[in-house]
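A.B. asks: Provide a 3D model corresponding to the input given below.
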Amino acid sequence: MCLAIPALIKLIEDKEAEAEIGGLTRRISLWLTPEAKVGDYVLLHTGYAINILDQEEAEETLKLLEEIARLTEEES
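C.D. replies: Residues are numbered from 1 along each chain as shown. I've put the predicted structure just below:
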């Protein structure tokens with residue numbers, strides 16, 4: 001099974017970007033989504049932006065992932 005998560009593009013340099021994921025900044029590749037712009041949410045898988053998401057969809061997905069993490073911590 002594969003997992004891709006939303007990331008917010010903060011800065012673009014050629015085919016790479018700095019993206020924020022849960023408060024952390026990572027370098028990601030835009031080779032598969034060259035049309036991505038600063039301020040876009042992208043779906044990130046293994047360091048590659050594989051799709052551009054609208055803000056509402058990205059925020060809803062992040063909210064669900066945070067809820068899963070919170071529930072998992074409560075069970076531990």
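A.B. asks: with adjacent residues omitted, what lies nearest to residue 51?
C.D. replies: residue 43 (4.3 Å; Cβ to Cβ, 6 or more residues apart in numbering). C-beta here means a position set from N, CA and C on the backbone, and glycine is covered the same way.
A.B. asks: host element of the one you found?
C.D. replies: Assessed by DSSP states H and E, residue 43 sits inside strand 41-45.
A.B. asks: show me what that strand is packed against.
C.D. replies: In terms of contacts (3 or more Cβ pairs under 8 Å, 6 or more residues apart in numbering; DSSP states H and E), strand 41-45 is packed against strand 5-13, strand 16-21, strand 48-53, helix 55-75.
A.B. asks: tilt between the first one and strand 16-21?
C.D. replies: If you take axes from the mean of the first three to the mean of the last three Cα atoms, to 10 degrees, strand 5-13 sits at 140 degrees to strand 16-21.
A.B. asks: got the buried residues for strand 5-13?
C.D. replies: The neighbour-count check on strand 5-13 (16 or more other Cβ atoms under 10 Å) flags 6-9, 12 as buried.
A.B. asks: switch these over to a markdown table; also include distance to residue 30 and pLDDT.
C.D. replies: As requested, these are exported to a markdown table (distance: Cβ to Cβ, whole Å; pLDDT from 0 to 100):
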| residue | distance to residue 30 | pLDDT |
| --- | --- | --- |
| 6 | 15 | 97 |
| 7 | 11 | 97 |
| 8 | 13 | 98 |
| 9 | 8 | 98 |
| 12 | 7 | 98 |
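A.B. asks: tell me which other helices or strands the worst-scoring helix or strand of the chain on mean pLDDT touches.
C.D. replies: Within the chain, no helix or strand scores below helix 55-75, which has a mean of 92 by mean pLDDT, DSSP states H and E. On a contact count with 3+ Cβ pairs under 8 Å, 6+ apart, helix 55-75 meets strand 5-13, strand 41-45.
A.B. asks: go again with 7 Å.
C.D. replies: When contacts are defined as 3 or more Cβ pairs under 7 Å, 6 or more residues apart in numbering; DSSP states H and E, helix 55-75 packs onto strand 5-13.
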